[in-house]
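Asker: Kindly return the folded structure for what I paste below:
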Amino acid sequence: MIGILSFLMVVCAIMICHPRKARACILFYAGGDTTDDGANMFMRTEEMNEDTNKIYYVSPAGNHVKGEVYQGCSDFTWTFTHDSCRYTARRDDNLFGICPDCGRTHFHTPFEEDGTNEHGVTISATQTIYANSSIEKTDPFTKNGIGEAEIATVLLSEARTAREGLELLLSIYDSVGAGSVSNNDPEGAGTMICDQKEQWYVECLSGHEYIAVLLPPNVAFMQFNVSVLGRIDLKDKKHVIASDHVIDVAQKAGTFVGDAEHQIIDFRASYNDYLVKEHDADRRLLLQERMAAALNFLSGTDTWTIGSVLEDNDFVMTNIDEHGHIVPLHNALVLKDKMSLDHALALFRLDPIGYVENVNTHLLRFYRTREQPFGTVEWSTMDNTRYNVFVPCFPMLLTDTWEGCKVSLDKEQVVEQPPKSKDCYFKDGKYHVYPKGWENSYIATLSALSSVLTYGSLSEKGISLAEYNLCRLQKEFVVRFSHLSDELQSTASTEDRERIMTRANMEMTAQVHDLAMALYRYYVYGEKSGQSVIFE
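Answerer: Predicted coordinates for the structure are as follows:
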């Protein structure tokens, strides 16, 4: 098997991806039958404006108390049924008191979109998916419904199992419905709800209608902000949970595709604007490029093309075989190789998967037979996955994160005249000046390095210096985490395990920051300082 260093170096050597205005998150899932070690795996990157600041921290147990009424960015409210669980979380930055998403000043955690709680429940929320216009009119989003911004906050606080989290989310959809931060831009959601035993994927594209599927170990799929649920037989009650009126609403909208008599619906065709013609024309080309590149990478072919990939249903999942019988969820995507950590990280460094608008990426591996907290493993980072290092952990053992992951920053200034400071990048005819204190921030430092490598005038040799050092550190982390796993499993005390894991995670995160800063200082100021960069 190709080693992680050489494999990633090959991928990292691909031409720099060009910045794009459109934004589109990506989700990849590989069941245990398709992975090299039997773990069920999923990986997701969130994407926003490249200067977006994110906060990564641990929400302590009892951060929300029983009976507390919580309101986030929208009119949706939630009354906690018990004191909240401890969980890891990444969210938008409103530490200065003004939410960047809704502009409100009340206490809330905007787009606290992913994490793992103390019981091993993992939430990744969400992949934005737009309904077609007829569905939007027939079953509009509700004013007080739950939106993307609040799903993880509620589920991670409340749920003790993936099934419990799933039932909670679906009960909210059934009662108050689904909502969004902006009524002018209603967004459906694709959500992962997982634990060591089960991984559920849910698509809700309208006010109340959804389908949830229990993911089997023999399927792999990628979701690029278009539905991946094709023909679904709703009679499969063991693996499929659907809203009561999912067929009725599509029939009323005039978009239904399927066989209502036999409770079969093509969810993608019935609900989704899957050709991306009605909502975001700028995003369409980006989606086509990324889908074709990723699916060709995974299958080892060149048959996926920009011209056909949105129309092609081969990557869409179904639980019906060619004879009309209910079978395990499957699609036509066949992976060329067993999915390993090497391949997964390489996939998210692939042009144009890794680029400047990545802001938060996490890879989770679930081992069904391992003792918790070792059954859930996470590799994560922030900012451009193309020029980055993923930091490992057992998320259930984290009690805190490195201080640089919790830095609040003002927005960067955009000016037309050259600024006095060299700490900026030039894009679209304007200078983007980094905010005060950026060098202390994990995500901002990685973003600054990414901007140098993306917008600067570096030679191939200059860029390869960063690629080599980043890939070298990634290889070190793979080895270190293997030794760390052995140490933790031989440690009896939970408190000692938490202390060791938290300290190691902080140290590795700081190493990534320090390497990125050293590379940045070399490129911008010509400095060769510290021991983190190998220049020869």
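Asker: from here on, contacts and neighbour counts on C-alpha atoms
Answerer: Fine.
Asker: how would you label the residue nearest to residue 76 when sequence neighbours are not counted: helix, strand or coil?
Answerer: For residue 76, ignoring the flanking residues on the chain, the nearest one in space by C-alpha to C-alpha, 6 or more residues apart in numbering is residue 144 at 4.3 Å. When classified by DSSP: H, G, I helix; E, B strand; the rest coil, residue 144 comes out as coil.
Asker: Confirm for me that residue 144 is in contact with residue 74.
Answerer: Yes - counting by C-alpha atoms under 8 Å, residue 74 is a contact partner of residue 144 at 7.1 Å.
Asker: Okay, the spatially closest residue to residue 273 that is not a sequence neighbour and residue 452: tell me how far apart.
Answerer: Distance criterion C-alpha to C-alpha, 6+ apart; nearest residue to residue 273, sequence neighbours excluded, is residue 132 at 4.4 Å. Computed as C-alpha to C-alpha, to the nearest Å, the residue 132 to residue 452 distance reads 40 Å.
Asker: any idea how far residue 177 is from residue 267?
Answerer: Separation of residue 267 from residue 177 (C-alpha to C-alpha): 18 Å.
Asker: neighbour-wise, which of residue 132 and residue 452 wins?
Answerer: Between residue 132 and residue 452, counted using other C-alpha atoms under 10 Å, the more crowded position is residue 132 (24 against 20).
Asker: Verify the contact between that one and residue 272 for me.
Answerer: Yes - Residue 132 is within contact range of residue 272, at 5.2 Å (criterion: C-alpha under 8 Å).
Asker: the domain parsing of the chain - what is it?
Answerer: 4-397, 403-525 (automatic domain parsing).
Asker: Any idea which of the ones you listed has the lowest pLDDT on average?
Answerer: Of all the domains of the chain, domain 4-397 carries the lowest average pLDDT, namely a mean of 90.
Asker: Tell me how far that one lies from the chain's centre.
Answerer: Offset of domain 4-397 from its chain centre (C-alpha atoms, centre = their mean, to the nearest Å): 7 Å.
Asker: who's in contact with residue 225?
Answerer: Neighbour list for residue 225: 24-26, 127-130 [criterion: C-alpha atoms under 8 Å, 6 or more residues apart in numbering].
Asker: excluding its backbone neighbours, what's nearest it?
Answerer: residue 129 (5.0 Å).
Asker: I figured the one you found hits residue 205, correct?
Answerer: Yes - judged on C-alpha under 8 Å, residue 129 makes contact with residue 205 at a distance of 6.5 Å.
Asker: quick one, which of those two is more surrounded?
Answerer: Comparing residue 129 with residue 205 by other C-alpha under 10 Å, the one with more neighbours is residue 205, at 31 against 26.
Asker: So that one versus residue 291, what's the distance?
Answerer: 21 Å.
Asker: Look up how far residue 114 lies from residue 148.
Answerer: Distance of residue 148 to residue 114, given as C-alpha to C-alpha: 11 Å.
Asker: hang on, residue 83 packs against residue 66?
Answerer: Yes - with contacts defined as C-alpha under 8 Å, residue 83 counts as touching residue 66 at a distance of 4.7 Å.
Asker: the more surrounded of these two?
Answerer: The neighbour comparison of residue 83 against residue 66 (other C-alpha under 10 Å) goes to residue 83, with 16 against 12.
Asker: Distance check, the residue of the chain positioned farthest from its centre against residue 83.
Answerer: Residue distances from the centre of the chain (C-alpha atoms, centre = their mean) peak at residue 261, which lies 37.2 Å from the mean C-alpha position. Using C-alpha to C-alpha, we find residue 261 at a distance of 45 Å from residue 83.
Asker: now residue 381
Answerer: Using C-alpha to C-alpha, residue 381 is found at 29 Å from residue 83.
Asker: just residue 477 next, same as before
Answerer: Distance, residue 477 to residue 83, by C-alpha to C-alpha: 35 Å.
Asker: and if you look at residue 198?
Answerer: Taking C-alpha to C-alpha, one finds residue 198 at 24 Å from residue 83.
Asker: now residue 171
Answerer: According to C-alpha to C-alpha, residue 171 and residue 83 sit 20 Å apart.
Asker: which helices and strands does the longest helix seen in the chain pack with?
Answerer: Longest helix in the chain by number of residues, with DSSP state H as the criterion: helix 494-525. Packing partners of helix 494-525 (3 or more C-alpha pairs under 8 Å, 6 or more residues apart in numbering; DSSP states H and E): strand 391-393, helix 442-455, helix 460-489.
Asker: How far does that helix sit from its chain's centre?
Answerer: Relative to its chain's centre, helix 494-525 lies at 21 Å (C-alpha atoms, centre = their mean).
Asker: just the angle between that helix and helix 460-489, please?
Answerer: Computed by axes from the mean of the first three to the mean of the last three C-alpha atoms, to 10 degrees, the angle separating helix 494-525 from helix 460-489 equals 170 degrees.
Asker: re earlier: contacting residues for the residue nearest to residue 273?
Answerer: 271-273, 278.
Asker: PyMOL command for the buried members of those?
Answerer: In PyMOL syntax, the buried subset of the contacts of residue 132 is picked out as below (16 or more other C-alpha atoms under 10 Å):
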select buried, resi 271+272+273
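Asker: Which one of the contacts of residue 132 is nearest to residue 399?
Answerer: residue 272 (39.8 Å; C-alpha to C-alpha).
Asker: mind listing what the closest residue to the closest one other than its chain neighbours touches?
Answerer: Distance criterion C-alpha to C-alpha, 6+ apart; nearest residue to residue 272, sequence neighbours excluded, is residue 131 at 4.3 Å. Taking C-alpha under 8 Å, 6+ apart, we find residue 131 in contact with 187-188, 205-206, 271-273.
Asker: one more time with 7 Å, if that's ok
Answerer: 188, 205-206, 271-273 (C-alpha atoms under 7 Å, 6 or more residues apart in numbering).
Asker: just to revisit the earlier point, now the common contact residues for residue 129 and residue 205.
Answerer: 188-189.
Asker: host element of residue 343?
Answerer: Here residue 343, judged by DSSP states H and E, is contained in helix 341-347.
Asker: Next, the buried residues of the helix or strand that comes right after that helix.
Answerer: Counting by DSSP H and E, the next helix or strand C-terminal to helix 341-347 is strand 358-366. Residues of strand 358-366 classed as buried by neighbour count (16+ other C-alpha under 10 Å): 358-366.
Asker: before we move on, what about stretch 467-487?
Answerer: Those would be 467-475, 477-478, 481, 484, for stretch 467-487 by 16+ other C-alpha under 10 Å.
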